[in-house]
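1. any chance you could fold what I've pasted below:
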Amino acid sequence: MLLSPGIGYVARSGGVYVSSLTDRMTRRELLKAGALVGMSSLLSLPTRAAEAHRELITRPVPATGERLPVIGLGTNNYSVTGAAELAARREVLDQMWRLGGTVIDTAPAYGRSEEVIGELLEELGHRERYFLATKATAPNDDVAAAEAMIETSFRRLRTNKIDLLQVHSLTGLDALIPVLQELKAAKRIRYLGATTSSDAQHAAMADAMRKYQLDFVQLNYSIDDREAAAELLPLAQERGTAVLVNLPFGGRRGSNLFARVRGKQVPEWAREFGATTWAQFFLKYVISHPAVTCAIPGTTKLSHLKDNQAAGRGALPDAAMRKRMEAFWDELS
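-> Alright, predicted model coming up:
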């Protein structure tokens, strides 16, 4: 037996980790249950066990122990003005918490993203349901400009507290860290961190992680881009740093994973860890790394949201299954 990421203790079976209500009951407890509620309850145990396999997976933030669902939301494509586009994003923000997700990541660099999120969450009354993360930069170490950017983020997001404020792409890191530390001490932000979405910055990120006690880092990582697993993910575990994963589907700076599997079926063995779509296959690979706290795929459609959030429930591939997934991926033409 070993601990599952947020779903109680689990048994290892067939290369995956699964939780089971019956695993948690002794023979005596089963007999007692039968005596109390009759044979019909015993017959319902398989159903209840199946439900347990779909339980929401959460991971702790090492700095505090606060638990976050493992699938969140990236919002680089939330800078919109059209009524139909706004309505689609409103639907995502209205439904995500109902499906289990809470982490929303944005940035001033994403155009109107912060503004759209702030307006929609206020309209929906959902601000307190979500963990809001945004970013700031200090180009040329201009602290005054960075502070103005941060105040604008508070205003655009329509909130007096930001859950996580990150130095975007490490820009002005040394100048910004004292600012973030002051904001955290004043309880205007809850956590501080730094981000990268480029393998070329991984060495600089490792230096930053060793130099500063960061609550979070945000890294690019996917089944097709495993560079972060060489040093940064183990370092995050060593330093007690939470990890958000961007680009779990590849894309802007890497390969588009969906393009590579177009016309191909998800392997049958992926059902062993509950993946029935390619999105779930890709996301379950990412979140099954023990250092990963939450993946933040970009999502603008409700159908995609439901698919992505389903990856954050139930079984996850274990180390042996992850190697099988990697070998399968590497052999794809």
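2. neighbours around the closest residue to Met325 other than its chain neighbours, how many?
-> Leaving out its chain neighbours, the residue that sits closest to Met325 by Cβ to Cβ, 6 or more residues apart in numbering is Tyr285, at 5.4 Å. Yep, even glycine has a C-beta here, placed from its N, CA and C like the rest. For Tyr285, the count of nearby residues is 28 (other Cβ atoms under 10 Å).
3. and for the one 10 residues further on?
-> As a burial measure, the neighbour count of Ala295 was computed by other Cβ under 10 Å and equals 30.
4. just to check, it is in contact with Gly72?
-> Yes. Contact criterion Cβ atoms under 8 Å: Ala295 and Gly72 qualify, at 6.9 Å.
5. okay, and the common contacts of these two?
-> Both Ala295 and Gly72 are contacted by Leu244, under the criterion Cβ atoms under 8 Å, 6 or more residues apart in numbering.
6. would you map the strands across the stretch 201-333 of the chain?
-> 216-220, 242-246, 294-295, 316-317 (DSSP state E, counting those that start in this stretch).
7. and the contacts of the third one?
-> Just to be clear, that refers to strand 294-295. Against strand 294-295 from outside (Cβ under 8 Å, 6+ apart): 59, 68-72, 103, 242-245, 248, 283, 286-287.
8. where are the low-confidence patches of the stretch 201-333 of the chain?
-> The stretch 201-333 of the chain contains residues with pLDDT under 70 at 252-255, 333.
9. the helices in it, which residues?
-> For the stretch 201-333 of the chain, helices defined by DSSP state H, counting those that start in this stretch occupy the ranges 202-211, 232-239, 257-260, 278-287, 302-310, 319-331.
10. can you list those in a markdown table and add distance to Leu176?
-> Output for these, formatted as a markdown table (distance: least, Cβ to Cβ, whole Å):
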| stretch | distance to Leu176 |
| --- | --- |
| helix 202-211 | 11 |
| helix 232-239 | 19 |
| helix 257-260 | 32 |
| helix 278-287 | 27 |
| helix 302-310 | 31 |
| helix 319-331 | 35 |
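11. could you say which of those is packed most deeply?
-> helix 278-287 (a mean of 25; mean count of other Cβ atoms under 10 Å).
12. other SSEs contacting it?
-> On a contact count with 3 or more Cβ pairs under 8 Å, 6 or more residues apart in numbering; DSSP states H and E, helix 278-287 meets helix 257-260, strand 294-295, helix 302-310, strand 316-317, helix 319-331.
13. same question for stretch 112-129: list its buried residues.
-> Neighbour counts using 16 or more other Cβ atoms under 10 Å place Ser113, Glu114, Glu115, Val116, Ile117, Gly118, Glu119, Leu120, Leu121, His126, Arg127 of stretch 112-129 among the buried residues.
14. out of those residues, who's nearest Arg158?
-> Gly118 (4.0 Å; Cβ to Cβ).
15. contacts only, for that closest one.
-> Arg156, Leu157, Arg158, Thr159.
16. so the residue nearest to Met325 sits against Phe328, correct?
-> No. Applying Cβ under 8 Å as the test, Tyr285 and Phe328 come out as separate, 10.3 Å apart.
17. all strands of the stretch 51-200 of the chain, in order?
-> Counting by DSSP E, counting those that start in this stretch, the strands of the stretch 51-200 of the chain are 58-60, 67-69, 73-74, 103-105, 131-136, 162-167, 189-195.
18. the third one packs against which elements?
-> When you say that, I think you mean strand 73-74. By 3+ Cβ pairs under 8 Å, 6+ apart, strand 73-74 packs against strand 103-105.
19. mean confidence score for the strand it packs on?
-> For strand 103-105, mean pLDDT is 99.
20. tell me the angle of the helix of greatest length in the chain relative to helix 302-310?
-> Counting residues, the longest helix found in the chain (DSSP state H) is helix 83-99. Helix 83-99 and helix 302-310 are oriented at 20 degrees to each other (axes from the mean of the first three to the mean of the last three Cα atoms, to 10 degrees).
21. all numbers from here: first residue = 803
-> New numbering, starting at 803: the last item is helix 885-901.
22. list the buried ones in helix 885-901?
-> Within helix 885-901, the residues that count as buried by 16+ other Cβ under 10 Å are Arg891, Arg892, Val894, Leu895, Asp896, Met898, Trp899, Leu901.
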